[in-house]
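Participant: just need the structure, nothing else, for what follows:
(2 chains)
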Amino acid sequence: MTSLEWFAIGLTLRVALLSVCLTMPAAIAVGFVLVRYQFRGKALLESVLMAPLVVPPVVTGYLLLLALGPNSAPGSAFRAVFGSDLAFSPWGAVVAAAVVSFPLVLRPVKTALSGIDSTYALVSRSLGVGRVRTFLRVTLPLALPGVLSGAILGFARSLGEFGATIMVAGNIPYRTTTMPLAIYSYFNRTDGEAPALRLVLVSVAIAFLALLASDALARRGARG
Amino acid sequence: MGRNRDASGGGGPVGRAPEQAHGQMPAGGTPVLEVDIRAAVGSFRLDVAFRMGREIMAILGPSGSGKSLTLGHIAGFRRCGEGRISLSGRVLCDPVAGIHLKPEKRRIGYVLQEPCLFPHLSVQGNLLYGYSGTPGSTGTAAELWHATRSVSDGPHGAASAGSVSDGCLIRPSDLVEVLRLGDLLHRKPATLSGGEKQRVALGRALLSGPEMLLMDEPMSSLDAESRWRLLGYVRDVHAGFGIPILYVTHAVEEAQFLASSVGLLGGGRMVEHGPIDRFRGTGKLFSAAGSKPVVNLLEATVVESCQDKREVLHCVQDDGGGPGGLSEVAVGGKRLRIPRTERPRGARVLISISSTDVIVTREHPAAMSADNIYCGKVRSMFDTRRGVLLLLGSGFDLYVEVTRAATEQLNIREGDELHYIVKADAIRVVGE
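Facilitator: Prediction:
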């Protein structure tokens, strides 16, 4: 394997992991709010959060670029803190992967949280345990199978992210070439068939492992 | 609503009719819990005021009368619109003063209809869940384990060392002993029976260091046998740890078995409350009750048991009695034949007779296969949702349910002498 192939594999795994680290806490918090509270505009919020599932990733990426580009407020804030642009950087790839995979993470997390009888939380509080600790000691452990399966789905989706990534992070060799971008680049080269095929096989293998793990967790969750 | 109330409080429910709020001192002495709440939930209006001491107080009422709602307010899961709730002098809720203590700060144990044990924790984990947060606890399993080794220590004596009111806690080892949880500690909730689960839930609530306990129809999902057993445990817990218990139910016999004071709830209002003795022999308890048949609970003494082998007349087989043998108990001067019991002669037992399992006749039934035929006087009779309930005085109180048609046919009036018949098989020894 060439060093660019190794770079692409390493970057993709790091981007996917960081993406999960961003989406998990957000999905748990948002899922909890959506399950436990009723408020105006809840349906609208849910549609917006689920939109990346149906909007073409390239469009999502374009919108992200508008929102996070060097001239936008978040973009310049990122620059002020980290000294570099968010767009066309590996961090751009992370944000793109996180936004696109968020609906896939949110859905199982929300389902798991909604399956938990709120009476457990009520009992916990009557036992002298406050809201936050109740969530950490009862609600979250009970929702764990769903939370983990959401994490794995998000990880797998982030591995394969292409459209939004190429818009936000570009396809800069040894900087933002994730596996899907590298496969695309190799495929466009006359001598790139072999490396493209190798990366395809690696992608398929990682994705399958993730799905198998998710399945195993779902079955464990079903057994209780 | 337009009531004249004193926001500075101090004296408990203010602005109430005196006979409602002040006229009835709680049976347990100085009031521990003082409740005066008015709240609207949808179109339902709750308007409840009462006080209780360190006793077990039962709140009786049909479904939809606001029983659970009342408990929800006391536990802190609902905000009352007006009023005041205080526990041992601490104000838990007073909207005028802007006080609404969070449920976790109230120190009120709450046992619900469903045990709601945390399924991801073992029994031990469930028991220690609230305990590990209480002051003075190490929260370790060792405190529970201590109990299984020192069974010889009397639970009640040890328990009295820590009184509930001064914030001192019930020791886990004592509790494990009283509730007999030793063998269950390492099991997961899913493997427990309904009665065991509820016992663990009761223990879990007690270990969180509560100043009082709320129980919301804790027996309703249990079969008759586990129900009576658990009632015994509730009584033991009250006797052993001295913790006040507010017990919501629609089963009159549970109230009669446990409580020393009763509150009758109907349509969101406390219709009447006071010591339970005031209600005995009246139909009031039953009018507030649910639609299940009334069960008589009687304290009895074993007169002849199958442990006495050959001497016993009613044990059919001479080698200790096979199935079908009978034992005999004495209740209020009468002897009742009951199904074979292993309890020794002289043992005090609790027997239950459903009011629907008793037959009454005018004439003495001469040729009759039933085991228990006695005479009783109709002390009072009252209409219930199900039919007519007769209270027969026969050395002990026996409630008998008959249809309205039957009372007319037999022309039953208060003061009449009736024969009553109970099959031995219809009598159960509770908690055996």
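
Participant: what about the single nearest residue of the stretch 1-150 of chain B relative to chain A, which SS state?
Facilitator: Relative to chain A, the nearest point of the stretch 1-150 of chain B is residue B:130 (3.0 Å; C-beta to the nearest C-beta). (C-beta placed from N, C-alpha, C; glycine too.) Under DSSP: H, G, I helix; E, B strand; the rest coil, residue B:130 falls in the helix class.

Participant: pLDDT value on it, please?
Facilitator: Model confidence at residue B:130, expressed as pLDDT, equals 87.

Participant: was I right about it contacting residue A:123?
Facilitator: No - contact criterion C-beta atoms under 8 Å: residue B:130 and residue A:123 do not qualify, at 9.2 Å.

Participant: the more surrounded of these two?
Facilitator: residue A:123 (29 against 26; other C-beta atoms under 10 Å in any protein chain shown).

Participant: what's the spacing between that one and residue A:37?
Facilitator: To residue A:37, residue A:123 is 20 Å away according to C-beta to C-beta, to the nearest Å.

Participant: do residue A:149 as well
Facilitator: Taken as C-beta to C-beta, the span from residue A:149 to residue A:37 is 24 Å.

Participant: same question, residue A:209
Facilitator: Going from residue A:209 to residue A:37 by C-beta to C-beta gives 37 Å.

Participant: so these two - more neighbours on which side?
Facilitator: Comparing residue A:209 with residue A:37 by other C-beta under 10 Å, the one with more neighbours is residue A:209, at 12 against 8.

Participant: please, which helix or strand holds the more buried one?
Facilitator: Using DSSP states H and E, residue A:209 maps to helix A:193-223.

Participant: and the closest residue to chain B within chain A, what does it touch?
Facilitator: In chain A, the residue that lies nearest chain B is residue A:127 (3.0 Å; C-beta to the nearest C-beta). Applying C-beta atoms under 8 Å, 6 or more residues apart in numbering or on different chains, we find residue A:127 in contact with B:104, B:109, B:129, B:130, B:133, B:204, B:205, B:208.

Participant: now swap in residue A:155 and tell me
Facilitator: By C-beta under 8 Å, 6+ apart, the contact list for residue A:155 reads A:16, A:17, A:19, A:20, A:101, A:210.

Participant: near chain B, which residues of chain A? Just list them.
Facilitator: Proximity of chain A to chain B, by C-beta under 8 Å from any C-beta of the partner chain, involves residues A:117, A:119-120, A:122-131, A:137-138, A:141-142, A:224.

Participant: again, only this time at 10 Å
Facilitator: A:116-117, A:119-131, A:133-134, A:137-138, A:141-142, A:144, A:224 (C-beta under 10 Å from any C-beta of the partner chain).

Participant: tell me the pLDDT of residue 208.
Facilitator: If you meant another chain, say so; for now it's chain A. Model confidence at residue A:208, given as pLDDT, is 88.

Participant: chain B, not that one
Facilitator: 90.

Participant: which residues touch the residue lying closest to it once chain neighbours are set aside?
Facilitator: In this structure, residue B:208 finds its nearest non-sequential neighbour in residue B:130, 2.9 Å apart by C-beta to C-beta, 6 or more residues apart in numbering or on different chains. Taking C-beta atoms under 10 Å, 6 or more residues apart in numbering or on different chains as the criterion, residue B:130 is in contact with A:123-129, B:104, B:109, B:137, B:139, B:204-210.

Participant: quick one, helices of chain A?
Facilitator: Counting by DSSP state H, one finds helices in chain A at the ranges A:3-36, A:42-50, A:57-68, A:73-82, A:90-114, A:118-126, A:131-134, A:140-159, A:163-168, A:179-187, A:193-223.

Participant: relative to residue B:371, which of these is closest?
Facilitator: helix A:118-126 (45.7 Å; C-beta to C-beta).

Participant: hmm, back to that, and for residue B:130 and residue A:123, which residues touch both?
Facilitator: Taking C-beta under 10 Å, 6+ apart as the criterion, residue B:130 and residue A:123 both touch A:129, B:109, B:204, B:205.
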